[in-house]
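Novice: I need the structure of the sequence given here:
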Amino acid sequence: MSGQRIPGWINYAVIPVLNVLMAFLVSALVFVYIGISPLDAAAVMWQGAFGYSEGWGYTLYYTTGFIFTGLAVAVAFHCQLFNIGGEGQAYFAGLGVAIVSLTLGDVLHPVVLIPLVIIGAGVFGASWAIVPAYLQAKRGSHIVITTIMFNFIAASVMAYMLVEVLKPEHSMAPESATFPEASWIPKMHDVLANFGINITSSPLNLSFIFALLCAVFVWLFIWNTRWGYEIRAQGANASAAKYAGINPVKVTLLTMGVSGMLAGFFALNVISGDMHQLKLSYVAGFGFTGIAVSLMGRNHPVGIILASLLFGFLYQGGAELAFEFPGIDSKIIVVLQGLIILFSGALEFMFKPSVEGIYLKFFASKQEETQNA
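Specialist: Coordinates of the predicted model:
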């Protein structure tokens, strides 16, 4: 092949789109197999996710959670750290939200309280990631193993707290008391109503705006700060980075701290913005799906936002699909997610040689002819 350099848009746009299209094609075959028209199924999913304001609200609500967990995984990936503990970090962060909300909810004004709730989520999420980071940096324990183990530990800690500590008297349900209203993150439909924009109520809240701000933060942090440069340098070549004077222990702790903080912000969307109380298993697999979101988004904030929107569409559209077609189990969405993960992950480079070959044959050669002329 030619020595021409392959432009970034091939790897960051064309190949991911082809992978998703192939996943949708195989999904269509699944619908044909179960006796449902793929076009009818696609129409129902699109209408359910984007056809009316409540559908939009639910889609963006799910998207918000995926942005937080996807960004958390991406930051760690840039340092070649595979943070599989986003589920536990997001879960444990709910405890921070609950403590701040229940302790200070009747004392402070929302202008002061909500920032403290955000800090509580970030600190608890980061603290749950710092310990596995320390074990890898100082003890050599593999980050994949320790973060997976910490998911189970977080589940056990939360179960104990909800049953023995936070559960109100005379209540049988393993959940905390309802948070004071001052700690609630405002719903989007209430905020927009103040500007004369009326939309149907949904769980969508201002955490969506905060998630977009976190995406901007990650872009600035990873590509425009000295700390981000050290993270990327260690991820590219740990030995060279250490030789250049970069402290691997500090970088590992910093990376996992930021990653855990971002995962912890997931609790804001679900706990402070919607449920308004701490419940068991509220993360519901979003931490693990964040790995696929980051992978699809090529660990870049823009790609992660788009991938999160896709998964939000699948969640909301899949729910509508199960409602419109009673014979379909709502778990069909897991099959669709699995196919997307398969083609975007395990088969990520299936089209790469062919696409690059076509580019070099048709486009790069024409550019060379134009330059020579």
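
Novice: contacts and neighbour counts: CA atoms only from here.
Specialist: Fine.

Novice: quick one: average confidence on stretch 59-69?
Specialist: Averaging pLDDT along stretch 59-69 gives 97.

Novice: Other residues contacting that stretch?
Specialist: Residues outside stretch 59-69 that contact it (CA atoms under 8 Å, 6 or more residues apart in numbering) are 49-50, 86, 203-205, 207-208, 211-212, 214-215, 262-266, 269-270, 286-287, 289-291, 293, 304-305, 308-313, 315-316.

Novice: So for that stretch, what gets flagged as buried?
Specialist: Neighbour-count burial for stretch 59-69, counted by 16 or more other CA atoms under 10 Å, picks out Thr59, Leu60, Tyr61, Tyr62, Thr63, Thr64, Gly65, Phe66, Ile67, Phe68, Thr69.

Novice: same thing with stretch 104-123?
Specialist: For stretch 104-123, burial by neighbour count (16+ other CA under 10 Å) applies to 104-105, 110, 113-114, 116-123.

Novice: same thing with stretch 238-245?
Specialist: Going by 16+ other CA under 10 Å, stretch 238-245 has these buried residues: Ala238, Ala241.

Novice: Please report how far the residue lying closest to Ile153 once chain neighbours are set aside lies from Ala72.
Specialist: Spatial nearest neighbour of Ile153, chain neighbours left out: Gly88 (7.8 Å); criterion: CA to CA, 6 or more residues apart in numbering. Going from Gly88 to Ala72 by CA to CA, to the nearest Å gives 12 Å.

Novice: Same drill for the two, tell me which one is more crowded.
Specialist: Between Gly88 and Ala72, counting by other CA atoms under 10 Å, Ala72 is the more crowded of the two (35 against 30).

Novice: In contact with that one, which residues?
Specialist: Applying CA under 8 Å, 6+ apart to Ala72 gives the contacts Asn83, Gly86, Val258, Ser259, Gly260, Met261, Leu262, Ala263, Gly290.

Novice: I'd say the fourth one and Phe77 touch.
Specialist: I take that to be Ser259. No. Judged on CA atoms under 8 Å, Ser259 makes no contact with Phe77 at a distance of 9.5 Å.

Novice: Overlap in contacts, those two.
Specialist: Joint contacts of Ser259 and Phe77 (CA under 8 Å, 6+ apart) are Asn83.

Novice: So the two - more neighbours on which side?
Specialist: Per other CA under 10 Å, whichever of Ser259 and Phe77 has more neighbours is Ser259, with 31 against 23.

Novice: What's the separation between the residue nearest to that one when sequence neighbours are not counted and Ala13?
Specialist: Distance criterion CA to CA, 6+ apart; nearest residue to Ser259, sequence neighbours excluded, is Ala72 at 4.2 Å. Ala72 is 22 Å from Ala13, where distance means CA to CA.

Novice: Likewise for Asn194?
Specialist: Per CA to CA, Asn194 is found 38 Å from Ala13.

Novice: So which of those two has more stuff around it?
Specialist: Legend: neighbour count by other CA under 10 Å for Asn194 and Ala13, higher for Ala13 (13 against 9).

Novice: would the more buried one count as being in a strand?
Specialist: No. Applying DSSP: H, G, I helix; E, B strand; the rest coil, one finds Ala13 to be helix, outside a strand.

Novice: Tell me how far it lies from Ile304.
Specialist: Remark: distance between Ala13 and Ile304 (CA to CA) = 12 Å.

Novice: One more: Gly327?
Specialist: To Ile304, Gly327 is 33 Å away according to CA to CA.

Novice: Checking my notes, Ala307 in a strand, right?
Specialist: No. Under the criterion used here (three-state DSSP), Ala307 is helix, not part of a strand.

Novice: That one reaches Met296, doesn't it?
Specialist: Yes. Applying CA under 8 Å as the test, Ala307 and Met296 come out as touching, 6.1 Å apart.

Novice: three-state assignment of His170?
Specialist: Following three-state DSSP, His170 is assigned to coil.

Novice: That one: how many residues sit nearby?
Specialist: Residues near His170, counting by other CA under 10 Å, number 6.

Novice: next one: the one 4 residues further on
Specialist: One way to gauge burial is a neighbour count; for Pro174, by other CA under 10 Å, it gives 19.

Novice: distance of it from Gly303?
Specialist: Pro174 is 37 Å from Gly303, where distance means CA to CA.

Novice: what's the answer for Phe325, then?
Specialist: Counting by CA to CA, the separation of Phe325 from Gly303 is 32 Å.

Novice: Tell me which of those two has more neighbours.
Specialist: Comparing Phe325 with Gly303 by neighbour count (other CA under 10 Å), the higher total belongs to Gly303, at 21 against 13.

Novice: per-residue confidence for the more buried one?
Specialist: Predicted confidence (pLDDT) for Gly303: 92.

Novice: Repeat that for Gly122.
Specialist: Model confidence at Gly122 (pLDDT) stands at 97.

Novice: Provide a list of residues in contact with it.
Specialist: Each residue near Gly122 by CA under 8 Å, 6+ apart is listed here: Ala93, Gly260, Met261, Leu262, Ala263, Gly264, Phe265.

Novice: Would you format those as TSV with secondary structure included?
Specialist: Converted to TSV, the contacts of Gly122 look like this (three-state DSSP):
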residue	secondary structure
Ala93	helix
Gly260	helix
Met261	helix
Leu262	helix
Ala263	helix
Gly264	helix
Phe265	coil
